[in-house]
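Chemist: Need coordinates for the following:
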Amino acid sequence: MTQAQERADALLRQGNTLEDTGRPADARRCYEEAAALTPDSPRPWLNIGNAFQKEGRISDAMAATLRAVTLAPAFAPAHFNLGLLQRSSEPAAAEQSLRRALALDSGFADAALALADLLEASGRRDEARVELRRAVEMAPGRAAPAYNLALSCIERDELDEAHTLLVRAIAAEPGFAPAHAALGNVLVRSGRARDAEAHYRTSLALDPRAHGTAAALLFSLTARDDLAPADLFAAHLEVAGAMERASPPAAASPPAAAHRRLRIGYLSPDFRAHAVALFIRPVLEHHDRSAFEVFCYDSGHVDHTLTGTFRALAEHWRDIAALDDEQAAACIRRDELDILIDLAGFTTGTRVWLFPRRCAPVQATWLGYLHSTGLISADVRICDASTDPPRMTESLHTERLARLPHSLWCYAPLHQSTPPIRPPRARDHVVFGSFNQFWKISERSVRMWCDLLSAVPDARLHVVGVPGGSVRARFLDRIAAHGVDAARVTLSGRLDVDAYFRAMADVDIALDTLPYNGGTTTLDALWSGTPLVALAGDRSVSRSGASILGTVGLPDLVAVDEAQYQAINVRLARDQAWRAQLCTSLHDRLAASPLMDAPGFTRDIEALFRTICRRP
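Modeler: Below you'll find the predicted structure:
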């Protein structure tokens with residue numbers, strides 16, 4: 001090795017140290033000196049490109065990386081880095097560069113991962129999975145490939161494979177926090193929310209600032225039937241409070257001008273085909289624009305077809321998905337809102353963690369999370385008098401409760417014109433059906449359903465949304481443990497919208513879940529002419545059914561305890577005339593109720609906003 005080469009290598013090592021300590025400009029100067037000493041070597045130019053990228057000088061980074069490719073066309077890392085730089089502006093070129101890197105180095109796992117990300121972003125999911133599987137085979141001892149493939153499996157409800165991959169990832173790298181969190185997600189989706197808690201907490205111990213993991217933990221607790229309301233609230237104070245205390249000090253609220261229209265901001269990752277979006281859409285359509293100025297802050301990372309509809313309904317649309325918390329908070333504060341309403345709570349993709357930065361004088365939560373956030377910076381939670389009866393849940397909130405006069409929901413069904421036609425019944429037995437997400441089916445739900453099947457021996461049960469594999473087998477075992485023959489139970493996976501409504505119309509009586517009730521599914525059942533009995537629980541998430549049935553004028557279908565819940569369901573199963581009368585009236589009842597009076601609901605919530613903001 002020549003002296004020039006030795007000096008260049010020393011400069012590269014010095015530059016790496018500087019880059020690792022956050023000094024990319026100083027590192028780049030070392031790399032440039034190394035490039036001058038070894039003009040035919042691609043490595044210094046590759047490092048120069050990396051440093052330029054960290055400085056935010058993307059065009060310079062691209063030029064330096066192209067220089068490395070020119071110097072060594074067979075140097076796979078140069079093609080890989082070039083592909084990374086091209087991803088956002090030239091996806092086709094990026095794909096070509098990444099495939100070239102893999103052709104030059106068939107074991108280049110990072111190139112396969114990057115290519116999979118690129119293919120996924122362009123909607124080519126099957127091709128992306130091929131690359132993910134290649135990456136796992138290339139690097140069996142690394143966590144990242146197994147973790148990324150597991151995420152793809154979770155999206156497809158392939159929970160057994162996802163579980164195996166995540167256990168493998170954790171074994172390879174026990175300190176890889178995202179794998180622990182993802183394993184928690186798999187367990188929740190498998191109906192094992194209790195088992196998930198330890199994995200979420202392990203992930204948080206490894207990465208205490210992981211907002212997504214904290215949100216997933218808190219959300220999972222709301223589905224637990226072993227936690228008392230006070231314990232659930234205490235967990236929110238603990239986890240959310242720790243995150244809030246770690247946030248930067250809140251700035252003073254931006255001033256509001258009393259003479260102008262009230263400025264409302266809606267914050268959500270779900271301006272797409274999502275339950276929350278379907279509830280907010282009629283409000284956006286009917287806002288009084290002479291009195292209210294509407295801002296929507298979209299934190300979703302994928303622009304879905306329906307997103308354009310919401311963009312058109314907002315006077316001001318802000319895409320904050322790519323912004324960090326400081327940038328997003330600054331963006332919102334510049335709009336000088338009177339009130340910011342978070343629609344997600346602790347659901348997937350939430351940005352409720354912006355609240356501690358105080359983005360508006362009043363910060364409220366609504367729709368997506370029927371529980372206190374535990375955040376001191378959350379001023380108000382919007383609810384109704386059935387989900388949160390006065391003096392029942394106030395002590396379990398950091399927020400002040402603001403109750404709408406009828407319901408907290410405004411329903412706009414996917415099948416808006418006419419309900420699905422109920423098929424003629426050619427059977428001599430009653431079919432109960434569950435259409436809620438599988439994670440909501442607690443052990444208490446299973447026990448109550450099985451007690452009902454025992455009380456109506458000729459009845460059948462159809463449960464929609466059950467993942468396959470061991471999850472499905474375990475669920476049947478849970479049912480069998482209560483003495484119910486599996487032959488009486490039909491399980492289906494996730495259904496598309498049309499199949500979902502057909503299945504709902506084909507059952508005689510819909511079943512709700514506890515402690516976390518259905519919301520959209522309950523409304524869809526009524527719209528389909530399918531009756532449902534609600535058991536009013538002891539917390540907000542357990543009272544959605546009671547709220548909805550009360551609003552449509554069916555208090556007789558609301559039970560106060562399990563004995564009454566079973567008695568009403570048994571009567572519905574045996575009294576065909578009563579059930580038929582309900583089935584034929586439910587659609588019209590719902591259509592005529594405040595739940596579907598979009599203009600009236602919007603006036604109600606606008607009046608509530610004025611009260612919250614102390615505006616006339």
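
Chemist: Of all residues in this structure, which one is nearest the centre?
Modeler: residue 348 (2.1 Å; CA atoms, centre = their mean).

Chemist: Tell me the spacing between that one and residue 270.
Modeler: Separation of residue 348 from residue 270 (CB to CB, to the nearest Å) stands at 9 Å. Every C-beta, even on glycine, is put in place using the N, C-alpha and C of the backbone.

Chemist: who's in contact with residue 212?
Modeler: By CB atoms under 8 Å, 6 or more residues apart in numbering, the contact list for residue 212 reads 181, 348, 350.

Chemist: from those, which is closest to residue 586?
Modeler: residue 348 (31.2 Å; CB to CB).

Chemist: Setting aside sequence neighbours, what's the nearest residue to the residue nearest to the centre of the chain?
Modeler: residue 269 (7.1 Å; CB to CB, 6 or more residues apart in numbering).

Chemist: what about the one you found, how many residues close to it?
Modeler: Number of residues near residue 269 (other CB atoms under 10 Å) recorded here: 23.

Chemist: if I look at it, how far off is residue 380?
Modeler: From residue 269 across to residue 380, the span is 21 Å (CB to CB).

Chemist: Backbone dihedrals for the residue nearest to the centre of the chain, please?
Modeler: phi -60, psi 130 (degrees, to the nearest 10).

Chemist: is it true that it touches residue 274?
Modeler: No - using CB atoms under 8 Å, residue 348 is not in contact with residue 274; the gap is 9.9 Å.

Chemist: What's the local residue count around residue 206?
Modeler: Residues near residue 206, counting by other CB under 10 Å: 17.

Chemist: Now do the contacts for it.
Modeler: For residue 206, counting by CB under 8 Å, 6+ apart, the contacting residues are 175-177, 180.

Chemist: And those residues, which of them are buried?
Modeler: The neighbour count (16 or more other CB atoms under 10 Å) marks 176-177, 180 as buried among these.

Chemist: Same list, those, but as CSV with secondary structure, distance to residue 205 and pLDDT please.
Modeler: Below are those laid out as CSV (DSSP: H, G, I helix; E, B strand; the rest coil; distance: CB to CB, whole Å; pLDDT from 0 to 100):
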residue, secondary structure, distance to residue 205, pLDDT
176, coil, 13, 97
177, helix, 8, 98
180, helix, 9, 98
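
Chemist: Out of those residues, the closest to residue 296 would be?
Modeler: residue 177 (31.8 Å).

Chemist: now that closest one: how far from residue 141?
Modeler: With CB to CB as the criterion, residue 177 and residue 141 are 18 Å apart.

Chemist: same question, residue 252
Modeler: Counting by CB to CB, the gap from residue 252 to residue 141 is 51 Å.

Chemist: do the same with residue 388
Modeler: Remark: distance between residue 388 and residue 141 (CB to CB) = 51 Å.

Chemist: So which of the two has more stuff around it?
Modeler: Just comparing residue 388 and residue 141: by other CB under 10 Å the higher neighbour count belongs to residue 388, 24 against 10.

Chemist: Go ahead and confirm that one touches residue 544.
Modeler: No - look at residue 388 against residue 544 with CB under 8 Å: they stay out of range, at 11.0 Å.

Chemist: The stretch 501-616 of the chain: helices as residue ranges?
Modeler: Along the stretch 501-616 of the chain, counting by DSSP state H, counting those that start in this stretch, helices occupy 520-527, 544-551, 562-574, 576-591, 598-612.

Chemist: Serialize the ones you listed to CSV and add fields for distance to residue 189 and mean pLDDT.
Modeler: Formatted as CSV, the helices of the stretch 501-616 of the chain follow (distance: least, CB to CB, whole Å; pLDDT from 0 to 100):
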stretch, distance to residue 189, mean pLDDT
helix 520-527, 17, 95
helix 544-551, 21, 97
helix 562-574, 26, 97
helix 576-591, 30, 94
helix 598-612, 32, 97
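
Chemist: can I get these in a markdown table with distance to residue 283 and mean neighbour count?
Modeler: Output for these, formatted as a markdown table (distance: least, CB to CB, whole Å; neighbours: other CB atoms under 10 Å):
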| stretch | distance to residue 283 | mean neighbour count |
| --- | --- | --- |
| helix 520-527 | 16 | 25 |
| helix 544-551 | 16 | 26 |
| helix 562-574 | 33 | 17 |
| helix 576-591 | 18 | 16 |
| helix 598-612 | 5 | 17 |
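
Chemist: and residue 461, which of these is closest to it?
Modeler: helix 562-574 (11.7 Å).

Chemist: and the closest one, what does it pack onto?
Modeler: helix 443-455, strand 509-510, strand 534-535, strand 558-559, helix 576-591 (3 or more CB pairs under 8 Å, 6 or more residues apart in numbering; DSSP states H and E).

Chemist: what's next to the first one, contact-wise?
Modeler: For helix 443-455, contacts defined as CB under 8 Å, 6+ apart pick out 225, 432, 434, 459, 461, 478-479, 482-484, 488, 511, 513-515, 535, 562, 565-566, 569-570.

Chemist: Lovely, talk soon.
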